[in-house]
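Q: Predicted model and sequence below, questions to follow.
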Amino acid sequence: MAASMLGRGVCGVRSFSVSVRCCWKRPDPPRVKRDPPQDIPGLERVTFADLGYYTPYLSKPVFPRWQPEHQDPQHYRSPPAQEMALYREEPAYIFNPKCRLLGGVKQALWLTKSSLIEGLPESIASICDDSAHTFPDPQKLLLNTVSNACLWSTIDKDEARSREEYCPLLLRGLLHLCRVHGFKYPQLTQRSFIDNYRMGTSWRRESILYMVRGMEGIVMSAKSPLEPLASPSDIQLTEQQGLSSLHPLHPAIDLQEANVYEERSYLGFRDGFPFSHPHTLYLLDPCSTKARFQPDQLRAKMIITAFGSAAAKAKMLFGEDVKALEKPVVVQSVGTDGQLFHFMVLQLNTLDLESSDGIKNIVWMDGDQALYDTARAKSKMIKNKTIPHGVRGLNPATFLKFWAMYLNGAI
């Protein structure tokens, strides 16, 4: 508002007038996207390149791309896919750690040609029931481990940690309990833990090339492989079992399609590494709001990752083109989102995956096992009911399954 203006009016009466300044601003006109200049044969475009400054009535010059004299990674541009050395006309469908299969466990079983058995194998379930291998005072130790991961924070005692923070802390805390109380078993000294497990392999399913690539989770490797859990007669019975159809879903849905790839099997271990047999893969849910996995998608990820590790190890032992394995390869997997735990064991019986007939691989799955019900840093009021703070609803039976899979192969 501008300053007021005073003056003499009619009959000497002082008049008062106010001028108002408008604060409304006219919006900028929308930008019109212009088409690039067209090259007309026989005509040369006149540009302002020689002048060195912008001139509105002259065309914009097009300069050649600057090429540094040395190899500079900041100015590197990858060539087109068709010009790369690893370009293939046939596409490959790659499963990476960020893939969330829409079909879940059913899609993972179809891709790996596996039959599903609910529950853990008898040899692992017997460890949980055997009093000779029970964990000493699991209630107190488990309470301290969960509280340390979820509640005990040096930043703010009244605020609980986010799932992205306490999920890896909880897994490492449980593994620490297993390492500390495993001194009675000498075979446990022949194992090693590796972070950011890197693995890759490829296989064909109904003439379509599938791959597993990526770096994910923690792997516990051992000097000796796990013994097969299914007998030869049980393996022969899988020929009579069928696979569920994925119709109307395509088997490669949610997988990354690529034309630049290399068919190579590796486990991330160097030659001569003593602990070269993958034992158990520990996978975590990304836990973020946008990338969080559903429980069925996390179980599917466990199956694909364990299958890739077993297939890569089988190709290293028996050759790249092996179909019928001389001895099955067994790999375990544990997945968690910080509260629910999923336990899975995969036995690789065959790599002849072209058709759905014949011998199939076997997957044992025991999912949706809650380690605790709630973990709150302070009390919370919901519908006039006070929910107490602390860790509530501890389930030591879930940890005993974790302990049994850790001991498998060492007893």
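A: Right, received. Where do you want to start? Numbers count the residues shown, from 1 in each chain.
Q: can you pull out the helices in this protein?
A: 104-112, 122-129, 138-150, 163-180, 232-237, 295-318, 396-407 (DSSP state H).
Q: now those helices as JSON lines including distance to residue 65?
A: All C-beta atoms are positioned from the backbone trio N, CA, C, and that covers glycine. Below are the helices of the chain laid out as JSON lines (distance: least, C-beta to C-beta, whole Å):
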{"stretch": "helix 104-112", "distance to residue 65": "43"}
{"stretch": "helix 122-129", "distance to residue 65": "60"}
{"stretch": "helix 138-150", "distance to residue 65": "52"}
{"stretch": "helix 163-180", "distance to residue 65": "42"}
{"stretch": "helix 232-237", "distance to residue 65": "59"}
{"stretch": "helix 295-318", "distance to residue 65": "40"}
{"stretch": "helix 396-407", "distance to residue 65": "56"}
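Q: Serialize these to TSV and add fields for mean neighbour count, distance to residue 194 and mean pLDDT.
A: Below are the helices of the chain laid out as TSV (neighbours: other C-beta atoms under 10 Å; distance: least, C-beta to C-beta, whole Å; pLDDT from 0 to 100):
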stretch	mean neighbour count	distance to residue 194	mean pLDDT
helix 104-112	23	23	96
helix 122-129	15	23	91
helix 138-150	18	21	90
helix 163-180	18	12	92
helix 232-237	13	30	94
helix 295-318	23	12	96
helix 396-407	21	16	94
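Q: quick one: which of those helices is nearest residue 197?
A: Smallest distance to residue 197 across those (C-beta to C-beta): 8.2 Å, for helix 295-318.
Q: I'd like to know which elements the closest one is packed against.
A: Helices and strands touching helix 295-318, by 3 or more C-beta pairs under 8 Å, 6 or more residues apart in numbering; DSSP states H and E, are helix 104-112, strand 191-205, strand 208-222, strand 277-284, strand 324-336, strand 340-350, strand 361-370.
Q: which stretch among the ones you listed comes nearest residue 408?
A: Closest approach to residue 408 among the helices and strands packed on helix 295-318 (C-beta to C-beta): strand 324-336, 6.8 Å.
Q: Can you list the strands that that closest one pairs with?
A: Strand 324-336 pairs in its sheet with strand 277-284 (parallel), strand 340-350 (antiparallel), by DSSP bridges.
Q: rewinding a little: for the helices and strands packed on helix 295-318, please prepare JSON lines with the additional fields distance to residue 311.
A: Shown next, in JSON lines, are these (distance: least, C-beta to C-beta, whole Å):
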{"stretch": "helix 104-112", "distance to residue 311": "9"}
{"stretch": "strand 191-205", "distance to residue 311": "5"}
{"stretch": "strand 208-222", "distance to residue 311": "8"}
{"stretch": "strand 277-284", "distance to residue 311": "11"}
{"stretch": "strand 324-336", "distance to residue 311": "8"}
{"stretch": "strand 340-350", "distance to residue 311": "6"}
{"stretch": "strand 361-370", "distance to residue 311": "10"}
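Q: hmm, back to that, could I get the strands paired with strand 324-336 as a markdown table with mean pLDDT and mean neighbour count?
A: A markdown table is the format used below for these (pLDDT from 0 to 100; neighbours: other C-beta atoms under 10 Å):
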| stretch | mean pLDDT | mean neighbour count |
| --- | --- | --- |
| strand 277-284 | 95 | 25 |
| strand 340-350 | 96 | 23 |
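Q: of all the ones you listed, which lies closest to residue 108?
A: strand 340-350 (10.2 Å).
Q: and the angle for that closest one with strand 361-370?
A: Angle, strand 340-350 to strand 361-370, by axes from the mean of the first three to the mean of the last three C-alpha atoms, to 10 degrees: 180 degrees.
Q: quick one: strand 340-350 to helix 295-318, angle?
A: 30 degrees.
Q: List the contacts of the residue nearest in space to the middle of the chain.
A: Central residue of the chain (C-alpha atoms, centre = their mean): residue 97, 3.3 Å from the mean position. Contacts for residue 97 (C-beta atoms under 8 Å, 6 or more residues apart in numbering) come out as 214-216, 301.
Q: Give me the local confidence score for it.
A: pLDDT recorded at residue 97 is 91.
Q: How about the contacts made by the closest residue to residue 285 other than its chain neighbours?
A: Nearest-residue entry for residue 285: residue 337, 3.7 Å, with adjacent residues in sequence omitted and distances by C-beta to C-beta, 6 or more residues apart in numbering. By C-beta under 8 Å, 6+ apart, the contact list for residue 337 reads 163, 167, 284-285, 287, 292-293, 295, 298.
Q: related to what we said a few turns ago, pull the most distant pair out of the contacts of residue 97.
A: Across these (C-beta to C-beta), the longest gap, 13.7 Å, separates 215 and 301.
Q: Would you mind measuring from residue 64 to residue 49?
A: Plainly put, residue 64 is 12 Å away from residue 49 if you go by C-beta to C-beta, to the nearest Å.
Q: swap in residue 408?
A: Between residue 408 and residue 49 the distance is 72 Å, computed by C-beta to C-beta.
Q: between the two, which one's more packed in?
A: The neighbour comparison of residue 408 against residue 49 (other C-beta atoms under 10 Å) goes to residue 408, with 21 against 12.
Q: Test my guess that that one contacts residue 332.
A: Yes - using C-beta atoms under 8 Å, residue 408 is in contact with residue 332, at 6.8 Å.
Q: Overlap in contacts, the two.
A: Shared contacts of residue 408 and residue 332 (C-beta under 8 Å, 6+ apart): residue 226.
Q: Give me the buried entries from the contacts of residue 97.
A: The neighbour count (16 or more other C-beta atoms under 10 Å) marks 214, 216, 301 as buried among the contacts of residue 97.
Q: Show me what counts as buried in stretch 254-267.
A: For stretch 254-267, the neighbour count (16+ other C-beta under 10 Å) marks 254-255, 258, 261, 265, 267 as buried.
Q: now the strands paired with strand 324-336 in CSV, with distance to residue 117?
A: Converted to CSV, these look like this (distance: least, C-beta to C-beta, whole Å):
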stretch, distance to residue 117
strand 277-284, 18
strand 340-350, 9
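Q: ok, the residue nearest to residue 296 when sequence neighbours are not counted - contacts?
A: Nearest residue to residue 296 in three dimensions, chain neighbours excluded: residue 104, at 3.7 Å (C-beta to C-beta, 6+ apart). The contact partners of residue 104, by C-beta under 8 Å, 6+ apart, come to 294, 296-297, 299-300.
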